[in-house]
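K.L.:
Structure, please.
(2 chains)
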Amino acid sequence: MNPQLESLQYKTRRHFFKQCSMGLGGVALSEMLASDAMGLEAPNNPLLAKLPHFAPKAKRVIYLHLTGSPPHLDLWDHKPELVKRDGQECPDEYIKGKKFAFTSGTPKLMGSPRTFKQYGKNGLWMSDAIPHLHGVADDLCIINSMTTDHFNHAPAELFVHTGFQQPGRPSFGAWTTYGLGSENQNLPGYVVLISSGVQPNGGKSSFDSGFIPSVHQGVQCRSKGDPVLYVTDPPGMDRSLRRSSLDALRDLNEAASKDFAHPESLTRMAQYELAFRMQMSVPEVMDISKESKKTLESYGAQPGASSFANNCLLARRLAEDGVRFVQLFDWGWDFHGTNPSEDIRDGLTNKCATMDKPIAALINDLKERGLFDDTLIVLGGEFGRTPFREGRTAKGTVLGRDHFPDCYTMVMAGGGVKGGYTHGASDELGFSVARDKVHVHDLQATWMHLLGFDHEKLTYRFQGRDYRLTDVHGKVVKDLLA
Amino acid sequence: MGDRNKKQAAHISAEIAKLKKEMEPANKIDPKAVAEWEAALKAKAGRWYVLTPEKMTAVSGANFKAGSDGSILVSGKTAGTDDYTISASSKLKRITAIKIEALAHDKLGSGGPGRNGNFVLNEIELTSGRTKAAFSNASSTYDQDKFGAASAIDGNAGSDSGWAVGGALGQDHHIVIELNKPLDGRDLELRLLQRYPNHALGHFRILATDSAGPSMALSSEMIAILKTSPAKRSAAEKAQLVAVYRKTNPSILAVTKKLADLEKQLASVKPLTSVPIMRDLPKDRHRKTHIQLRGSYLSLGEEVGPGVPQVFGSLPKGSNPDRLAMAKWLVDRENPLTARVVANRFWENLFGVGIVLTSEEFGSQGERPSHPELLDWLAVEFMDGGWDVKNFLRLLVTSSVYRQNSHVSDEMAVLDPDNRLVARGPRVRLSAEMIRDQALAVSGLLSSKMYGVPVRPPQPNLGLKAAFGGGTDWSTSSGEDKFRRGVYTSWRRSSPYPSMATFGAPNREVCTVRRGNTNTPLQALVTLNDPVYIEAAQALSRRMVAHKGSVATMIKHGFQLCLSRSPNELETSRLIAFYDSTRSKYAADQKLAQEMATNPIGPVPKDIDVVELASLTVVANILLNLDETLMKR
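P.N.:
A predicted model of the protein is given here:
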């Protein structure tokens, strides 16, 4: 029997539909339509730029994750009633049957000790902790009605980045390069920058590719040492020698591939050429010393240092050079009040000083370079913080808040996002969403939409199931769109 | 277990066996001895005299009130821990044992006998005149677990060592304490040390006896047995009597104690390695298992029990649904799935793609096999061969289909680009671990050491801490542990070994049967620049130099080591040309040559030209990066 015919007979309707329009098929189609931006000769390159399902509003993403979760009630969500009732016992109906990470019994309500005012044309509320962001109020989309399912750091962080609380799923960045490829093959498509000395809670799992091909995993870039692992030639080898050794390698591979004629070999040769170019372009893009003094000053960046400010500037440089997804993680936002640096008064002022100036600078810089309108910027933690004082530290002098998943704030800006807009609201004490609830899966669906994807159709089949970023949930929040 | 430990354990075991043998005559209890013991016990049962308390004090300052029956009720002040001192006198000139009755009372917590219900007598002390009594034995009518009568006279007044009656509150109990030597009973002082917070006696009575022979606390059950005439006792009653006798007979007790000590010793001989085993909990303690909705332990679905999917038959008849039954079911001749899945995985390993492409999914969501009859034949061969993996792999690699040339003709490239029809030999990239192992193997660095703890090969320092954890950097293992096979590499899921992650080693967070065959520029950077691969190139160049001869001979040797074939004319001449040009470059810059030849592997061997060695290192670097080196064919 003809084996090809036989294999065709095994094709079911499921296979047919899968290959036609749904799931992977959608991506495969766009892959056929893809243009090679740099004119490189790499066949089968999964990172070639691709078209999404429909016209995207954002072409790239800069995701600023404040690891540990900042106290949103002291930055974004103004609650005068909570201030009025500061120090009162928390009404039972708000906490009955709920679990908190470090608080038991009846905690005391804590109004924000910070000063709130309205900024921008539409009067967005912000506290005095983030003075530089006041100036970009008209660009910000503040969602005060966020809710998540998890109240511990690692599960909540994995949840917002991968759509699932346990490690192992592809992250938002991985889905993005899987769907869109990358515009500059000389740089990784998905770059991760980490500041304040500690990995994100989920470790590499928070920027991993999970079960989709590892080419989509986030590549960590550093401001010290090799900017990308192994990008530097070994001691004793200069660029010209590397070039001539790659020439010899190419000649040998070419000769052998005539014998084997394997397409994978051709791909490999192209990848070595890409690697060579990456060796030039990565150190170049990671070197901020060529930035003007004015730019460095606006971010508060210092060449050679390792800081969130440097990483914000790098994010702009990478975005400018066509990197699809830049992910920042900054440790130290877990404001429990266990030490003065975690106090929501001076502690928060000091920590915010390392964050709000560079972010404001990033927004302005992207605007000046015409990149703001097609760059999606996301800012936030993995959850919010309680409207009451954290239990462990309630008797001390330092003011801190516990983890809080029910209602918190995320901020977006840039490509396709409604600027100068506050979405949803918490109740008068900040315990629950009062209107326009946005679940993490809804936010993820909205991100995908901004990138031009139907979040239900960008899928990857693994262990017999079509997986997606939004699991089996999520609705695009139309009100957030410009 | 180490040799010394084994010897020690054997020695103790032998002693235990000897003692057990010695015990055997004791097992066959002499009925006459029991009868004598019983008679003595009865004779004494009635000869207990209540002591009249004269002066009673408590550390707490509590009140004591003596009743007409000689019982003492405690009330008033309390303290966390409390010691009672009671002076009493009797007419007995020669007491052999004392008895403390702990009595229930309505006014006490939980009905007594403690002031709050339970009590703990941590230590009991008795003096007669100026002589402190020594005790030989204590028994009670009831012991709380881990708070037995004996611990009230063990010389340890710590809060956790004492007699208590938790589990039987609101009832009368007593403890009988035998004296080593008889004492004058006319001027006695008894001290009850109670060091367990809030566990002081509330109602009690003190008695003494002067009769010789055994004294022990008799439970109401025992008293009933003793009252029954021996002829009318049931077998169980007789057995209970003997059991009590054995517990009180001093010579038997001595042996039992020695045995217990030895067994303790044996248990404390620590093995150097231990093998954890799993076993079922008793049936009544089986855990309830629920479906966890969306994987969250907080949202539970319906309760589920053990079993196998209906379509795959049932567990072996008459078996419990346990792991053994599961194992038997897995490899049951009537269950075709396991052998098919395993055969397909080995096929995939060797051919790059399984007969069923979705090797992780044989269900309705997976792909159909390209060659169903072949898969079935292989599965049956595997079963018939006794599930012998080595033989099965031999079958595959010696087959003519595996030994085909892997050349892709233009025609085949169109008809079957993925080689699903295996009209040519397989050609696939080596896995992450294999690539590293191969580089170490051909350069002669690979350690063949097996087993043991994971090792830490060189990895770049990132200077980052794990969230709520320590640093993610590590210090490289020393000696041959630096060059162990990839499977021995330490693996932390939140920061996996970077070069292997780049080659698509699974993150070990989800079960990954099938790995992707990625091909990326970052992978090229690993094999070109990672110090691990540079060191391998340096070691390979030293092997080439050691193979003395012309440049061509050395290069051919290195080529042969990497590819298991000789280079052709073109390949040789291209590599020689490269060698020559590199040589002249390094000759002009010896410092550069020195770096390339020695960093990180170490100094240039004696009598070797550093320029030659450096140039060959770069040649080796090329050899380790050849497409043909990285791809199996």
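
K.L.:
Now whichever residue of chain B sits closest to chain A. Nearest residue, chain neighbours left out?
P.N.:
As assessed by Cβ to the nearest Cβ, chain A sits closest to B:S494 within chain B, at 2.2 Å. No exception for glycine: its C-beta is placed from N, CA and C like everyone else's. Residue nearest to B:S494 in three dimensions, not counting chain neighbours: A:G203, with 2.2 Å by Cβ to Cβ, 6 or more residues apart in numbering or on different chains.

K.L.:
Surely that neighbour touches B:A501?
P.N.:
No - in this structure, A:G203 is not within contact of B:A501 by Cβ atoms under 8 Å, at 11.5 Å.

K.L.:
which neighbours do the two share?
P.N.:
Residues touching both A:G203 and B:A501 (Cβ atoms under 8 Å, 6 or more residues apart in numbering or on different chains): there are none.

K.L.:
just checking, B:F64 is part of a strand?
P.N.:
Yes - membership of B:F64 in a strand is supported by DSSP: H, G, I helix; E, B strand; the rest coil.

K.L.:
I'd like the distance from stretch B:179-198 to the chain centre, please.
P.N.:
46 Å (Cα atoms, centre = their mean, to the nearest Å).

K.L.:
cool, stretch B:222-241 as well?
P.N.:
On the basis of Cα atoms, centre = their mean, stretch B:222-241 is displaced by 47 Å from the centre of the chain it belongs to.

K.L.:
Straight-line length of it, end to end?
P.N.:
Using Cα to Cα, to the nearest Å, the end-to-end distance of stretch B:222-241 comes to 8 Å.

K.L.:
pLDDT averaged over that stretch - what is it?
P.N.:
The average pLDDT within stretch B:222-241 is 81.

K.L.:
what residues does that stretch touch?
P.N.:
By Cβ under 8 Å, 6+ apart, stretch B:222-241 touches B:V34, B:A35, B:E38, B:L41, B:K42, B:A45, B:L218, B:E221, B:V244.

K.L.:
I figured A:C312 hits A:N364, correct?
P.N.:
No - shown here, A:C312 and A:N364 do not form a contact pair, counting by Cβ under 8 Å, at 11.2 Å.

K.L.:
Neighbour count: those two, which is higher?
P.N.:
A:C312 (28 against 17; other Cβ atoms under 10 Å in any protein chain shown).

K.L.:
mean confidence score for the helix or strand hosting the more buried one?
P.N.:
A:C312 belongs to helix A:308-320 when assigned by DSSP states H and E. Confidence over helix A:308-320 (mean pLDDT, whole number) is 96.

K.L.:
who are the neighbours in contact with the residue nearest to B:S494?
P.N.:
A:P167, B:A466, B:A467, B:R492, B:R493, B:S494, B:S495.

K.L.:
List the buried residues for the helix holding A:C312?
P.N.:
Across helix A:308-320, burial judged by 16 or more other Cβ atoms under 10 Å in any protein chain shown covers A:308-320.

K.L.:
got TSV for the contacts of A:G203, with pLDDT and secondary structure too?
P.N.:
As requested, the contacts of A:G203 are arranged in TSV below (pLDDT from 0 to 100; DSSP: H, G, I helix; E, B strand; the rest coil):
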residue	pLDDT	secondary structure
A:P167	87	coil
B:A466	86	coil
B:A467	84	coil
B:R492	87	coil
B:R493	83	coil
B:S494	82	coil
B:S495	85	coil
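
K.L.:
List only buried entries from these.
P.N.:
Applying 16+ other Cβ under 10 Å to these flags A:P167, B:A466, B:A467, B:S494, B:S495 as buried.

K.L.:
Which one of those residues is nearest to B:V487?
P.N.:
Distance to B:V487 across the buried ones among the contacts of A:G203 (Cβ to Cβ) is lowest for B:S495, with 18.3 Å.

K.L.:
any idea what sits nearest that closest one, other than its immediate chain neighbours?
P.N.:
B:T472 is the one closest to B:S495 (Cβ to Cβ, 6+ apart), at 4.3 Å.

K.L.:
Contacts only, for that neighbour.
P.N.:
For B:T472, the contact set (Cβ under 8 Å, 6+ apart) comprises A:Q199, B:L462, B:L464, B:K465, B:A466, B:R492, B:S494, B:S495.

K.L.:
still on that earlier bit, arrange the contacts of stretch B:222-241 in JSON lines, one row each, with distance to chain A as further columns.
P.N.:
Formatted as JSON lines, the contacts of stretch B:222-241 follow (distance: Cβ to the nearest Cβ, whole Å):
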{"residue": "B:V34", "distance to chain A": "60"}
{"residue": "B:A35", "distance to chain A": "64"}
{"residue": "B:E38", "distance to chain A": "59"}
{"residue": "B:L41", "distance to chain A": "57"}
{"residue": "B:K42", "distance to chain A": "60"}
{"residue": "B:A45", "distance to chain A": "56"}
{"residue": "B:L218", "distance to chain A": "50"}
{"residue": "B:E221", "distance to chain A": "47"}
{"residue": "B:V244", "distance to chain A": "50"}
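
K.L.:
Just those residues: which are in helices?
P.N.:
B:V34, B:A35, B:E38, B:L41, B:K42, B:A45, B:E221, B:V244 (DSSP state H).

K.L.:
residues touching the last one, list them.
P.N.:
By Cβ under 8 Å, 6+ apart, the contact list for B:V244 reads B:M216, B:M222.

K.L.:
Then the second one?
P.N.:
With contact set as Cβ under 8 Å, 6+ apart, B:A35 has these partners: B:P230.

K.L.:
if we go to 10 Å?
P.N.:
B:A35 is in contact with B:P230, B:Y245, counting by Cβ atoms under 10 Å, 6 or more residues apart in numbering or on different chains.

K.L.:
go on, the fifth one?
P.N.:
Under the criterion of Cβ under 10 Å, 6+ apart, the neighbours of B:K42 are B:L218, B:I223, B:L226, B:K227.

K.L.:
Whichever of the residues you listed end up buried, select them in ChimeraX.
P.N.:
Here is the ChimeraX selection string for the buried members of these, based on 16+ other Cβ under 10 Å:
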select /B:218,226
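
K.L.:
and of the contacts of B:K42, the nearest to B:P531?
P.N.:
In terms of Cβ to Cβ, no member of the contacts of B:K42 lies closer to B:P531 than B:L218, at 80.5 Å.
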